[in-house]
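Asks: Build me a structure from this.
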Amino acid sequence: MARLLQPTTRGAHFMTALTRPKRQSAAKHRASSRAIAIAPSKRPTRGRIRLGTASWTDPGFIADWYPKNIRPGDRLAWYAQHFNLVEVNSSFYAVPRSALVARWCEQTPDDFVFDVKLHRLLSRHSTQTKMLPTGLRKLAGGSDKAVLSPKLETELVKVFLESLEPMIDCGKLGALLLQLSPSFSPRKHSLSELDHLIELLDGHKIAIELRNRNWLDDEQRQKTIAYFRSQRVAMVVVDGPPGDHFMIMPSFDVVTTRRLAYLRAHGRNTRGYVSGRTVADRFDYDYTDKELKEIADRALGLADIAIDTHIVFNNNKSNYAPKAAERFQRIVAPQGATTQS
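Replies: Residues are numbered from 1 along each chain as shown. Model prediction:
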């Protein structure tokens, strides 16, 4: 569970002491789950918690969660009967067509929102030039692998946001999620490299998921938090596996902008997360009720600070994610947090 201490007289600090399941070693628990986080002071009333999964078209969902006779075009509407948030995963691989985005909006209730993953090139992942919109490929450097320049970044963001205009116009864009490559490390990069992208996305809620734990080591942590706070973007916090592999982020609760807190639950399968070859292998984890209560306590602590808190289950093996989200919803709802449309 999470223990939230009162803010200081300046209203600037809170501490979370998170516990892990007993099946993990005490040493790993102490190393990975205790942290000091910096945030604005508590709100007079708890903010809203939104809840969903990382995609609604995952093969495991189709096989094991959706009704067997449901048509593919009806899945999103059925999903939206259960949750009020979903991450768009396909946008990581290709800029979505505006007509498709408009259909998503038509199929969901007025209070539903989409958190949209930014394109993989913007996320500093290796990207083949052919994965870019046709009109932008000439800006990619002339080889099979795209080279991100300020000009290409500007044009890609422009095209990306234009594709989301139906979602923006109807108020269903939740946040833009930048899921950085694990190779984006403080040893080779600076967070200031994101300044231009953040400026291009000004006016939208932005959440950034760091995927290299060195950003949060003892020497780097305060600098990292200070950058997020200065840019007024949300630092994504995670529930993940134990371990000190560089791709495993520590459990560390922080609110860097009052507008939005963001928690992604990846499951706690260390071997799968580090070495799994498929999405189902990497996120093969079925949360227990006790573990969901731990995540719920963290979410409530975040919602005490942030206006909106987004909780996204990414343990995408079989029906694990939507089932976990449904159980999580039952845990949080009695606490006064609004989790369903």
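
Asks: Give me the residue at the spatial middle of the chain.
Replies: For the chain, the residue nearest the mean C-alpha position is R264 (4.9 Å; CA atoms, centre = their mean).

Asks: now that residue, which residues is it bridged with?
Replies: V238, V312 (DSSP bridges).

Asks: isn't it right up against V312?
Replies: Yes. R264 lies in contact with V312 (CB atoms under 8 Å); the separation is 4.9 Å. The C-beta positions use only the backbone N, C-alpha and C, and glycine is treated the same way.

Asks: which residues do the two both contact?
Replies: A54 (CB atoms under 8 Å, 6 or more residues apart in numbering).

Asks: Buried ones in stretch 198-207, by neighbour count?
Replies: I198, L200, L201, H204, K205, I206, A207 (16 or more other CB atoms under 10 Å).

Asks: again with stretch 217-235
Replies: Applying a neighbour-count criterion of 16+ other CB under 10 Å, one finds Q220, R221, T224, I225, Y227, F228, R229, Q231, V233, A234, M235 buried in stretch 217-235.

Asks: Can you report phi and psi for the first one?
Replies: In this case it means Q220. Note on Q220: its backbone torsions stand at phi -100, psi -20 [degrees, to the nearest 10].

Asks: Could you confirm L177 falls within a strand?
Replies: Yes. Under DSSP: H, G, I helix; E, B strand; the rest coil, L177 sits within a strand.

Asks: burial measure for it, as a count.
Replies: Neighbour count of L177, defined by other CB atoms under 10 Å: 27.

Asks: Isn't it up against H204?
Replies: No. Applying CB under 8 Å, one finds L177 not in contact with H204, separated by 10.9 Å.

Asks: What segments of the stretch 101-250 of the chain are strands?
Replies: 113-117, 173-179, 206-209, 234-235, 237-239 (DSSP state E, counting those that start in this stretch).

Asks: least trustworthy helix or strand in the protein by mean pLDDT?
Replies: strand 13-17 (a mean of 35; mean pLDDT, DSSP states H and E).

Asks: Just the pLDDT at Q24, thanks.
Replies: You'll see Q24 listed with a pLDDT of 44.

Asks: Which pLDDT does the model give F252?
Replies: Model confidence at F252 (pLDDT) stands at 85.

Asks: What strand or helix carries it?
Replies: Using DSSP states H and E, F252 sits within no helix or strand.

Asks: Give the burial count for it, as a bare number.
Replies: Using other CB under 10 Å: F252 sits among 21 other residues.

Asks: Would you mind measuring from it to Q179?
Replies: In this view, F252 and Q179 are 17 Å apart by CB to CB, to the nearest Å.

Asks: how about low-confidence regions in the stretch 201-341 of the chain?
Replies: Along the stretch 201-341 of the chain, the parts satisfying pLDDT under 70 run over 336-341.

Asks: Show me where it has its helices.
Replies: 221-231, 270-275, 279-282, 289-303, 320-332 (DSSP state H, counting those that start in this stretch).

Asks: Let's have these in JSON lines, adding distance to F61.
Replies: Shown next, in JSON lines, are the helices of the stretch 201-341 of the chain (distance: least, CB to CB, whole Å):
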{"stretch": "helix 221-231", "distance to F61": "32"}
{"stretch": "helix 270-275", "distance to F61": "18"}
{"stretch": "helix 279-282", "distance to F61": "11"}
{"stretch": "helix 289-303", "distance to F61": "18"}
{"stretch": "helix 320-332", "distance to F61": "6"}
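
Asks: can you tell which of those is closest to D144?
Replies: Across those, D144 has its closest neighbour in helix 279-282 (24.6 Å, CB to CB).

Asks: neighbouring contacts of the closest one?
Replies: Contacts for helix 279-282 (CB under 8 Å, 6+ apart): D58, P59, G60, N269, G272, Y273, G276, N316, K317, S318.

Asks: Whichever of those residues end up buried, select them in PyMOL.
Replies: In PyMOL, a selection of the buried entries from the contacts of helix 279-282 looks like this (16+ other CB under 10 Å):
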select buried, resi 58+60+269+272+273+316+317+318
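
Asks: Return the closest of the contacts of helix 279-282 with respect to P133.
Replies: Using CB to CB, the contacts of helix 279-282 come closest to P133 at D58, 25.1 Å.

Asks: contacting residues around the closest residue to that closest one other than its chain neighbours?
Replies: Using CB to CB, 6 or more residues apart in numbering and skipping residues adjacent in sequence, the residue nearest D58 is N316, 4.9 Å away. Applying CB under 8 Å, 6+ apart to N316 gives the contacts T53, A54, S55, D58, G60, F61, V279, A280, F283.

Asks: Now distance to E153 too, for the residues you listed, in a markdown table please.
Replies: Compiled in a markdown table, the contacts of N316 are given as follows (distance: CB to CB, whole Å):
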| residue | distance to E153 |
| --- | --- |
| T53 | 29 |
| A54 | 24 |
| S55 | 25 |
| D58 | 29 |
| G60 | 34 |
| F61 | 33 |
| V279 | 27 |
| A280 | 32 |
| F283 | 29 |
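
Asks: Right, I'll call it a day here.
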